[in-house]
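# give the three-dimensional model of this entry:
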Amino acid sequence: MAGFVLQRLMQAVVVMLVMSALVFVGVYAIGNPIDVLISPDATQDIRAATIARYGLDLPLWEQYFAFLGRVLSGDFGTSFVYGIPVTQLILTRLPATLELTLTAIFGATLVGVPLGMYAGYRPDRIFSRVVMGLSILGFSVPTFWIGLVLIFVFAVDLGWLPAGGRGETVSLFGVEWSFLTLDGLRHMLLPALNLSLFKFAMMVRLARSGTRETMSSDVVKFARAAGLSEWTVLSRHVLRLIAIPIVTVFGLELASTLAFAVVTETIFSWPGLGKLVIESITALDRPVMVAYLVIVSFVFIAINLSVDLAYAALDPRLSKGRS
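Below you'll find the predicted structure:
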């Protein structure tokens, strides 16, 4: 097990280094941020001094290694637009994205997996067909269209929920959270629902297919022959057998939702990382763009590593076979 963990950690470090290099070169090879930093009427001396101050006159490989040295100490540089450290800027926006993402993905999983298992256990029931119809809808309809419909129905037409913003927040351990207030929950409901529909559909279909396949396995037959109740068979045996693909999808969807909640945050004016990166791309704020992409890469790699370790915990044979 220790060898398996060490191997995965080394692979994660190598992938992270490669991704950071690709991100840095890809972002810094595009555009000229000097046009954002100084006035077009500035003299050549001012332009040259500004370029030297930000290190933009150095070769790209030297800029990368200087950037890498700063990142190892937790410094992503200073935002060209906001004029504050990028780390501080991201930390102020991260809680909003984090609470929205966790609400969406956990809600989709806690609701989708039981419904999917029921649809696989009783596929001929009307309720099971309704559940599968909802999953098809979640897969088929674009996220931005669902978001606009939710705003029109619940915010504009009915007036039940706010159309955008984060609402009232409460400070906990020095971090502002909106899910701790009633007004914050009202503001979070529509964007979280919009963000969770595709994940819900995926969890339903995954749990349904796994349950239908598992119900005909020898494990379930022996459990029933031993006199176990259907609830025990489903909760202890079927759920355990379908846990590995669910863990895989949960990890990947958690990372992708955290990284690519851009559309939902833009539609609902949710002040998170997705909205921040859109603003940074528009203003060519290179430090923020690079920091966001590096953090996204790190999140994907860390969650994939966690999923691998969860595999080993669920089935020790995997770690022995891969180590």
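# which element is the residue nearest the centre of the chain on?
The geometric centre of the chain, computed from its C-alpha atoms, lies nearest to residue 258 (Cα atoms, centre = their mean), at 1.9 Å. Using DSSP states H and E, residue 258 sits within helix 243-259.
# picking up where we left off before, which non-adjacent residue is nearest the residue nearest to the centre of the chain?
residue 101 (4.6 Å; Cβ to Cβ, 6 or more residues apart in numbering). No exception for glycine: its C-beta is placed from N, CA and C like everyone else's.
# and the next element down the chain from the strand or helix carrying that neighbour?
Using DSSP H and E, the element containing residue 101 is helix 86-121. Sequence order places helix 126-140 as the next helix or strand after helix 86-121, per DSSP H and E.
# which residues sit against whichever helix or strand comes after that next one?
Where DSSP H and E defines the elements, the next helix or strand beyond helix 126-140 is helix 143-150. Under the contact criterion Cβ atoms under 8 Å, 6 or more residues apart in numbering, helix 143-150 has outside partners 190, 191, 193, 194, 195, 197, 198, 263, 264, 267, 268.
# distance-wise, check the residue nearest to residue 258 relative to residue 140.
Taking Cβ to Cβ, to the nearest Å as the measure, residue 101 falls 23 Å from residue 140.
# which one's more surrounded, these two?
residue 101 (26 against 9; other Cβ atoms under 10 Å).
# does that one really touch residue 257, like I thought?
Yes: counting by Cβ atoms under 8 Å, residue 101 touches residue 257, with 4.9 Å between them.
# what is in contact with those two at once?
In contact with both residue 101 and residue 257: residue 195, using Cβ under 8 Å, 6+ apart.
# what's the angle between the helix holding residue 258 and helix 86-121?
Counting by axes from the mean of the first three to the mean of the last three Cα atoms, to 10 degrees, helix 243-259 lies at 140 degrees to helix 86-121.
# show me what helix 243-259 is packed up against.
Contact here means 3 or more Cβ pairs under 8 Å, 6 or more residues apart in numbering; DSSP states H and E; on that basis helix 243-259 packs against helix 86-121, helix 182-214, helix 286-314.
# for the record, mean pLDDT for the next helix or strand after that helix?
Sequence order places helix 262-267 as the next helix or strand after helix 243-259, per DSSP H and E. The average pLDDT for helix 262-267 rounds to 85.
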